[in-house]
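J.: the sequence and its predicted three-dimensional model are supplied below.
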Amino acid sequence: MSVHDPGVGPTAAPGYAFLDAGDGRRLERFGEREVDRTAPGAIDPRQRPTAWGAADLRFDRSRGWSGRSDAAAAWQLRLEGLTLELRATDSGGVGLYPEHLANAAWLERAIGLRVSKGGEAPRVLNLFAHTGLLTLVAARAGATVTHVDAARGAVAWARRNAELSGLADRPIRWIVDDALEFVRREGRRGRRFDGILLDPPSYGHGGSHPWRIETDLPELLEACNAVAAVDPFLLLTAHTTGLAADQLEGAVREAFPPLAKRVGIAALELRAESGATLRLGTAIRAPR
């Protein structure tokens, strides 16, 4: 097993800051709004208890959102040269997963290496693509992107982020579809991708049967290998409790034999300004 240390120091970028975590919650700043929401992995006590009283928005699974009357309205965040629209969603999210910022940097480097060699623009397939952070990073870096998500609202949100970021004219295919069914059709059409990104949920509904990552991921990875170009790059992220990093790594090695010796593991981890650490899943990258 190859492990990549995500680094030390607090997780912060212009426009975003991870402030504290503990007692089952996380405190973050997205632009000018501080957000207090649930975080089952934050099992230790809070490091800065007095900092939490200033939150503009607070989410509880039983009561939903509360806070300033105007704070739940959509707002914009400038992050890593992109402009993203954020909203308080029914699930407790805001449309941005800050733990993917490290993946964004890795993706930009991977595409940059391909672009520097000349030839056609790298073709990237982004599955379970959500509100489009990695799609926009890939398109800005010079890739042609196919963005796939089964939720029509998520795809519309991602397109809005592309418009706000000045990337609406980039070569992005916006697809509302089940990931596995779409990849199988692309395979029958003979399409191939230089890079494949996957961020599957633990459970999901759509396609011909409900999705369960523990049982369905190997089949999806095999289908992805069938549409992979020669010498592809791959990013698989997972947030499923109980699914070990070496299981994910093993699944990628089995599905993509040519990448087996170049697979690396990175923790999806946020480190707060207070010193608190929040583990949010695992990233499998190839090449690492």
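T.: On my side now, so go ahead.

J.: what's the longest helix along the chain packed up against?
T.: What stands out as the longest helix in the chain, according to DSSP state H, is helix 101-116. Judged by 3 or more CB pairs under 8 Å, 6 or more residues apart in numbering; DSSP states H and E, the packing partners of helix 101-116 are helix 133-141, strand 193-198, strand 228-238, strand 264-271, strand 277-286. Quick note: C-beta positions are derived from backbone N, CA and C, even for glycine.

J.: do that again at 7 Å, thanks
T.: helix 133-141, strand 193-198, strand 228-238 (3 or more CB pairs under 7 Å, 6 or more residues apart in numbering; DSSP states H and E).

J.: what angle do the shortest one and strand 277-286 make?
T.: Interaxial angle, strand 193-198 versus strand 277-286 (axes from the mean of the first three to the mean of the last three CA atoms, to 10 degrees): 150 degrees.

J.: repeat for the last one
T.: Inter-element angle recorded for strand 228-238 and strand 277-286: 170 degrees (by the same axes, to 10 degrees).

J.: quick revisit: deepest of the helices and strands packed on helix 101-116, which one?
T.: Each of these was scored by mean neighbour count; the highest is helix 133-141, a mean of 26, by mean count of other CB atoms under 10 Å.

J.: got the contact list for I284?
T.: Counting by CB atoms under 7 Å, 6 or more residues apart in numbering, I284 touches L236, L248, E249, V252, V263, I265.

J.: just put those in JSON lines and tack on pLDDT and distance to S62.
T.: Shown next, in JSON lines, are the contacts of I284 (pLDDT from 0 to 100; distance: CB to CB, whole Å):
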{"residue": "L236", "pLDDT": "97", "distance to S62": "33"}
{"residue": "L248", "pLDDT": "94", "distance to S62": "32"}
{"residue": "E249", "pLDDT": "95", "distance to S62": "37"}
{"residue": "V252", "pLDDT": "96", "distance to S62": "38"}
{"residue": "V263", "pLDDT": "95", "distance to S62": "41"}
{"residue": "I265", "pLDDT": "95", "distance to S62": "35"}
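
J.: list only buried entries from those residues.
T.: Taking 16 or more other CB atoms under 10 Å as the criterion, what is buried in those is L236, L248, E249, V252, V263, I265.

J.: which strands or helices does the helix or strand the third one falls within pack on?
T.: Here E249 is covered by helix 245-255, with elements defined by DSSP states H and E. For helix 245-255, the helices and strands in contact under the criterion 3+ CB pairs under 7 Å, 6+ apart are helix 213-226, strand 228-238, strand 277-286.

J.: how is this structure carved up into domains?
T.: The chain breaks down into these domains under automatic domain parsing: 7-86, 98-286.

J.: which stretch in these has the least confidence?
T.: Lowest mean pLDDT within the domains of the chain: domain 7-86, a mean of 90.

J.: quick one on the thing from earlier: turn the contacts of I284 into TSV, including distance to L86.
T.: Listed next are the contacts of I284 as TSV, based on distance: CB to CB, whole Å:
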residue	distance to L86
L236	25
L248	29
E249	32
V252	31
V263	33
I265	29
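
J.: name the stretch among the domains of the chain that sits most buried.
T.: Highest mean neighbour count among the domains of the chain (mean count of other CB under 10 Å): domain 98-286, with a mean of 19.

J.: hmm, who's touching the longest helix of the chain?
T.: So helix 101-116 is contacted by 6, 13, 80, 122, 133-134, 137-138, 141-143, 194-195, 233, 235, 237, 266, 283, 285 (CB under 7 Å, 6+ apart).

J.: same check on stretch 227-238?
T.: Around stretch 227-238, the neighbours that count as contacts under CB under 7 Å, 6+ apart are 103, 107, 110, 183, 186-187, 191-200, 213, 248, 252, 256, 259, 268, 281-287.

J.: can you tell me which residue is nearest the centre of the protein?
T.: For the chain, the residue nearest the mean C-alpha position is H100 (4.9 Å; CA atoms, centre = their mean).

J.: how about that residue: what's its closest non-neighbour residue?
T.: Spatial nearest neighbour of H100, excluding adjacent residues (CB to CB, 6 or more residues apart in numbering): L133 at 5.8 Å.

J.: ok, G142 touching A121?
T.: Yes. Checked against CB atoms under 7 Å, the pair G142 and A121 is within contact range at 5.7 Å.

J.: picking up where we left off before, any idea how far the residue nearest to H100 is from L82?
T.: As judged by CB to CB, to the nearest Å, L133 and L82 stand 7 Å apart.

J.: many thanks, have a good one.
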